[in-house]
Every structure is written in structure tokens, then in C-alpha cells.
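have a look at this prediction, sequence included:
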Amino acid sequence: MTFAQPVTLTGSYVTLEPLAEEHLDGLCQAVEDGQMWNTWFTRIPAPDQMMAEIQKRRALQEAGTMAPWTIRRNDTGDICGMTTFCNIRADNRRLEIGSTWLAKSAQRTAVNTEAKLLQLSRAFESLDCIAVEFRTHWHNHASRAAVARLGAKQDGILRNHDLWRDGTVRDVVVFSIIDSEWKTVKLSLEQMLTRS
């Protein structure tokens, strides 16, 4: 269960805390910031769905297929989002960083950059991953740009990959960082944070 083991990851700007039911109120406040659940091309829980989402992610962690975190800002102490290791394939030393959302006020700040640096450091340096994936909706241009800024390369597009909640079909854009790229990606992320 090492890949899904709950661990706290702490940086200068954010702390990733293992997701717990006591984060409910903070997560509900965070998702209200920008009413993030109204974004049609994402699956972000509304406040009344947050407890079910926490319980679902915790159950996936118990099954060994997800490591979920609550994202907390160090400057204010406020919760500002969620993120996970998902689609864990420990036997192949691969995982995906995904099911991430941030409050509107935390977007385009050091929060996402450092959260990803913490997660990628754990993946490559503690878990000895050979690849880390990121997946996003074709129409989520902000997410695609953010993933590319991290240093991930686009692997391809999975056409008609998911049936969406409104009946539309989602094309999934797949990015990845592989182990041989990690040192350079890490230097880039650290440089980005010095400018924050």
C-alpha cells in the first residue's frame, strides 16, 4: 500500500494533508470560491456532494488505487483544494496525478506549482516511479496549459474516451513526465517558485 499510503507533504507555500472527513467545511468553502463545480468540462463536487467525494476517495485509498490530499495554504492556513495520486499501478511504478481542483483565488499562484513539485518529488524520489501521467479534458485549456508549464509532454489524445455526465463525450489529453526528465523538470519547478 506504499503508493496509496497517507503521508503529509509540506512545502513553503502549501501543505498536502491526507484527505479526511474533518476537511469537509474547508473544502466546501474552497469550492464555493469561484463555484468550481459549475465548470462543465470538469468533475468537481458541489458543496452538497463533498462528503460523498471525500468518502469515495478514502475508499479508493483503502483499495490501494488512490492517494488523496487536501491542499492547505501555508500563508493563511485555509484549505484551497484537493489533489490525488490516482490510477496507481505500483507493479509498473506508474501513477497519475489528477482529480485536482483549486479554489479560484488559488489559481495562477504558487499553490499548484508547489503542490505538483511535492507530489512529483514523492513519486520519483520516494516511490521510484518511471512515469507520472496527467490527464485532462480537451476543452480544459487552462489545465492543459498548466500541465505543460510543469514540464510534462503531451503523449496523445484519447478520442471519445469518457461519457460525460451531460451525455457528451470527452476527449482526454494525456501528458507525462518520465524518470529521465525528472531532474530537469524539478529544476524548472524550483525556479518557477523563486519567482512567486
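That came through fine.

all helices of the protein, in order?
For the chain, the helices defined by DSSP state H cover 24-32, 50-62, 110-121, 141-150, 182-194.

what mean pLDDT does the last one get?
Regarding helix 182-194, the rounded mean pLDDT is 97.

what angle sits between it and helix 141-150?
Relative orientation of helix 182-194 and helix 141-150, computed by axes from the mean of the first three to the mean of the last three Cα atoms, to 10 degrees: 110 degrees.

buried stuff in helix 182-194?
Of all the residues in helix 182-194, those buried under the rule 16 or more other Cβ atoms under 10 Å are 182, 185-186, 188-189, 192. Glycine gets a C-beta too; all of them are placed from N, C-alpha and C.

next: the shortest one.
Neighbour-count burial for helix 24-32, with 16+ other Cβ under 10 Å as criterion, is recorded at 24, 26-28, 30-31.

closest to Pro47 among those residues?
Nearest to Pro47, judged by Cβ to Cβ, of the buried residues of helix 24-32 is Cys28 at 4.2 Å.

the closest one contacts Pro47, correct?
Yes. In this structure, Cys28 is within contact of Pro47 by Cβ atoms under 8 Å, at 4.2 Å.

can you list the buried residues of helix 24-32 in a markdown table and add pLDDT and distance to Lys104?
Below are the buried residues of helix 24-32 laid out as a markdown table (pLDDT from 0 to 100; distance: Cβ to Cβ, whole Å):
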| residue | pLDDT | distance to Lys104 |
| --- | --- | --- |
| Leu24 | 98 | 19 |
| Gly26 | 98 | 15 |
| Leu27 | 98 | 14 |
| Cys28 | 98 | 14 |
| Ala30 | 98 | 9 |
| Val31 | 98 | 10 |
